[in-house]
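>>> take a look and give me a structure for this.
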Amino acid sequence: MALAPSQVLLVDDDQDILDLLAHLLKREGFKPLLADNATVALRLIRQEAPDAMLVDVMLPGMNGLEVLKQARELDQDLPVIMITAYAGVNNAVEAMRAGAHDYLAKPFQNHEVVRVIRRALVERDLKRRIKALSHQSQEGQTLREMMGPSDAIARLMSEVQRVAASDFTVVILGETGSGKELVARAIHAHSRRAKGPFVPVDCGAIPETLLESELFGHEKGAFTSADCQKTGKLELAKDGTLLLDEIANLPLGSQAKLLRALQEKVIYRVGATKPLKISVRLLVASNQDLESIVLAGTFRRDLFYRLNEFTIRVPPLRERREDISYLAKRFLDRTNLELHKNVKGFSEGALEAMLTCSWPGNVRQLRSTIRRAVLLAEDLITERELKLDGKPAPGPFTAPKVEKTVWMNLSLREIVQRSTIAVEREVICQVLRQTGGNKAKAARLLQIDYKTMHCKVKQYAITVN
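You can find the predicted model right below:
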């Protein structure tokens with residue numbers, strides 16, 4: 001790949017080294033920028049935005065490692081190559097830990113310097129292109145371009161556009177990996193709060209003991225490890241949108257505090273007595289039906305009614321198969337770019353295998369499958385590279401027996417929901433007994449991810465021996 005003329009910043013207090021490197025880089029078609037100390041180097045980074053930097057470890061005043069750290073703060077993608085006369089394993093390790101791209105020891109060979117710089121520039125160009133493509137897909141493209149051309153996605157777009165203009169709280173339901181956060185970001189992007197921040201929080205990834213601190217913040221000294229004041233996500237999302245992903249994992253105590261915050265539009269940091277006003281739009285997402293967990297007693301009914309102003313259901317990939325080939329091609333193109341490959345497409349057998357797969361992990365699983373296949377393929381992706389055969393089949397287990405429920409004063413919907421919960425709990429119990437309590441293996445047998453299995457074991461108070 002031909003590179004456009006690139007600027008390379010050279011930082012060394014030895015003028016002879018600077019002149020030598022500058023002559024070498026000019027001869028190779030680069031534009032050298034020269035600095036004999038850290039102050040000049042950091043100024044040039046701000047003013048000229050170089051494409052790569054070579055910096056000597058031993059500089060007067062601020063040393064090369066400190067220059068490296070500050071340069072990374074100014075431009076996190078800037079490849080920095082350390083050069084030194086004091087080569088050694090410890091120095092190399094320290095430089096790489098600090099974020100150096102590579103390490104050259106004096107005296108170095110000219111061809112080695114050029115090789116390292118060219119490699120650094122190629123990798124920087126790749127990072128820029130991937131970041132631009134990612135930004136484009138996140139911000140500049142519609143849901144249809146990100147999720148597919150199917151009628152199901154067209155209907156989803158219509159719902160997003162309808163509710164985005166309001167300040168409604170939206171419940172986004174869908175299986176793991178189906179694209180719930182993309183929908184949430186689209187609602188934010190089309191709302192009156194689009195210029196404000198979008199702050200996602202995964203309620204299932206934060207330990208229960210830290211969740212309130214993450215949401216509401218805390219004061220210094222509020223608990224043992226609180227050595228400074230912390231701003232919570234509800235504050236950080238001021239005049240923007242807060243997404244609470246996997247809201248079903250929110251503990252009952254935190255649910256009560258969230259409900260109060262939404263009703264009164266104020267919060268209290270953990271350990272604080274002074275209220276703070278909040279201005280935030282709330283979106284929540286879940287891979288579980290919230291009405292069902294309300295009936296199961298693990299989610300507050302009053303909070304559910306407060307949240308459920310509008311509901312959007314994201315269809316799983318198996319219900320919109322016309323999107324599969326579109327998404328597969330999209331992931332193929334992006335992975336080709338990332339890996340510097342030119343895999344041209346899919347064989348007929350590969351396309352058929354993708355269209356008939358149930359995709360329990362939805363779009364996230366499809367993306368991982370395509371990335372792996374591009375890595376393995378040379379010219380065309382076939383069934384061999386996809387590796388979609390041989391899904392683990394669940395072993396035999398008896399049909400769940402549900403005890404007769406007292407159905408008086410219950411609607412048909414409530415009866416079905418309670419029965420569904422009982423069946424789901426019994427199935428999970430039986431599969432866990434079959435796997436000897438191994439939740440990871442049980443999740444594979446039931447074709448759900450481990451996180452969902454863990455949440456359901458906790459939700460249904462299932463004891464794993």
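>>> so where's the chain uncertain?
Filtered on pLDDT under 70, the chain yields the residue ranges 1-4, 86-98, 128-141, 389-410, 464-465.
>>> against Val113, how distant is the residue of it positioned farthest from its centre?
Centroid-distance maximum for the chain: Asp16 at 46.9 Å, with Cα atoms, centre = their mean. Taking Cβ to Cβ, to the nearest Å as the measure, Asp16 and Val113 are separated by 15 Å. All C-beta atoms are positioned from the backbone trio N, CA, C, and that covers glycine.
>>> swap in Gly349?
48 Å.
>>> cool, Ile462 as well?
As judged by Cβ to Cβ, Ile462 and Val113 stand 61 Å apart.
>>> neighbour-wise, which of those two wins?
Between Ile462 and Val113, counted using other Cβ atoms under 10 Å, the more crowded position is Val113 (20 against 16).
>>> pretty sure that one contacts Asp102?
No. Applying Cβ atoms under 8 Å, one finds Val113 not in contact with Asp102, separated by 10.2 Å.
>>> can you give me the helices in the stretch 351-465 of the chain?
362-376, 383-386, 412-434, 439-445, 450-459 (DSSP state H, counting those that start in this stretch).
>>> for the second one, packing partners?
Taking 3 or more Cβ pairs under 8 Å, 6 or more residues apart in numbering; DSSP states H and E as contact, the helices and strands that helix 383-386 lies on are helix 348-356, helix 362-376.
>>> which other residues reach it?
With Cβ atoms under 8 Å, 6 or more residues apart in numbering as the test, helix 383-386 has contacts from Ser347, Gly349, Ala350, Ala353, Met354, Thr369, Arg372, Ala373, Leu376, Ala377, Asp389.
>>> buried ones in it, by neighbour count?
For helix 383-386, the buried set under the neighbour-count rule, 16 or more other Cβ atoms under 10 Å, comprises Glu383, Glu385, Leu386.
>>> same thing with the last one?
Residues Lys451, Thr452, Met453, His454, Cys455, Lys456, Val457, Gln459 are the ones in helix 450-459 that count as buried (16+ other Cβ under 10 Å).
>>> reformat those as JSON lines; add distance to Ser325.
What follows is the buried residues of helix 450-459, written out as JSON lines (distance: Cβ to Cβ, whole Å):
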{"residue": "Lys451", "distance to Ser325": "28"}
{"residue": "Thr452", "distance to Ser325": "27"}
{"residue": "Met453", "distance to Ser325": "30"}
{"residue": "His454", "distance to Ser325": "33"}
{"residue": "Cys455", "distance to Ser325": "32"}
{"residue": "Lys456", "distance to Ser325": "33"}
{"residue": "Val457", "distance to Ser325": "36"}
{"residue": "Gln459", "distance to Ser325": "36"}
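>>> tell me how many other residues crowd Ala440.
Around Ala440 there are 12 residues (other Cβ under 10 Å).
>>> ok, now the one 3 residues further on?
Number of residues near Ala443 (other Cβ under 10 Å) recorded here: 22.
>>> what about it, distance to Ser286?
Taking Cβ to Cβ, one finds Ala443 at 18 Å from Ser286.
>>> same thing with Gln255?
Look at Gln255 and Ser286: by Cβ to Cβ, they are 13 Å apart.
>>> of these two, which one has the most company?
In this comparison of Gln255 against Ser286, neighbours counted by other Cβ under 10 Å, the higher total goes to Ser286 at 24 against 18.
>>> count of neighbours near Arg306?
The local packing count at Arg306 equals 15, with neighbours defined by other Cβ under 10 Å.
>>> ok, it - contacts?
Taking Cβ under 8 Å, 6+ apart as the contact definition, Arg306 lies against Thr169, Leu259, Leu262, Gln263.
>>> list just the nearest of those to Tyr326.
Sorting the contacts of Arg306 by distance to Tyr326 puts Thr169 at the head of the list, at 31.4 Å, by Cβ to Cβ.
>>> correct me if wrong: the closest one contacts Arg281.
Yes. The criterion here is Cβ under 8 Å, and Thr169 meets it with Arg281 at 7.4 Å.
>>> contacting residues around Phe198?
With contacts defined as Cβ under 8 Å, 6+ apart, the neighbours of Phe198 are Ala184, Arg185, His188, Ala237, Gly240, Thr241, Leu243.
>>> in the stretch 101-250 of the chain, which spans are strands?
Listed in chain order, the strands found in the stretch 101-250 of the chain under DSSP state E, counting those that start in this stretch are 102-105, 170-173, 198-202, 217-218, 230-231, 240-245.
>>> and Phe223, what does it touch?
Contacts for Phe223 (Cβ under 8 Å, 6+ apart) come out as Val270, Gly271.
>>> domains for the chain, by residue range?
Here the domain parsing of the chain from automatic domain parsing is 7-136, 145-221+230-315, 318-386, 412-459.
>>> how far does the second one sit from its chain's centre?
The chain centroid and the centroid of domain 145-221+230-315 are separated by 17 Å, computed with Cα atoms, centre = their mean, to the nearest Å.
>>> now swap in stretch 26-43 and tell me
Here the centre of stretch 26-43 is set off from its chain's centre by 36 Å, with Cα atoms, centre = their mean.
>>> out of the contacts of Arg306, which end up buried?
Members of the contacts of Arg306 that pass the buried threshold by neighbour count (16+ other Cβ under 10 Å) are listed as Thr169, Leu259, Leu262.
>>> can you confirm the second one is in a strand?
If I follow you right, that is Leu259. No. Counting by DSSP: H, G, I helix; E, B strand; the rest coil, Leu259 is not found in a strand; it is helix.
>>> so it touches Leu303, yeah?
Yes. Between Leu259 and Leu303 there is a contact under Cβ under 8 Å: 4.6 Å.
>>> separation between Asn295 and Ala35?
Rather than Asn, residue 295 is Leu. Distance check for Leu295 against Ala35: by Cβ to Cβ, it reads 67 Å.
>>> between the two, which one's more packed in?
Between Leu295 and Ala35, counted using other Cβ under 10 Å, Ala35 has the larger neighbour count: 22 against 18.
>>> so the more buried one sits against Leu9, correct?
Yes. Using Cβ under 8 Å, Ala35 is in contact with Leu9, at 6.5 Å.
>>> mutual contacts of the two, please.
Common neighbours of Ala35 and Leu9 (criterion: Cβ under 8 Å, 6+ apart): Ala41, Leu44.
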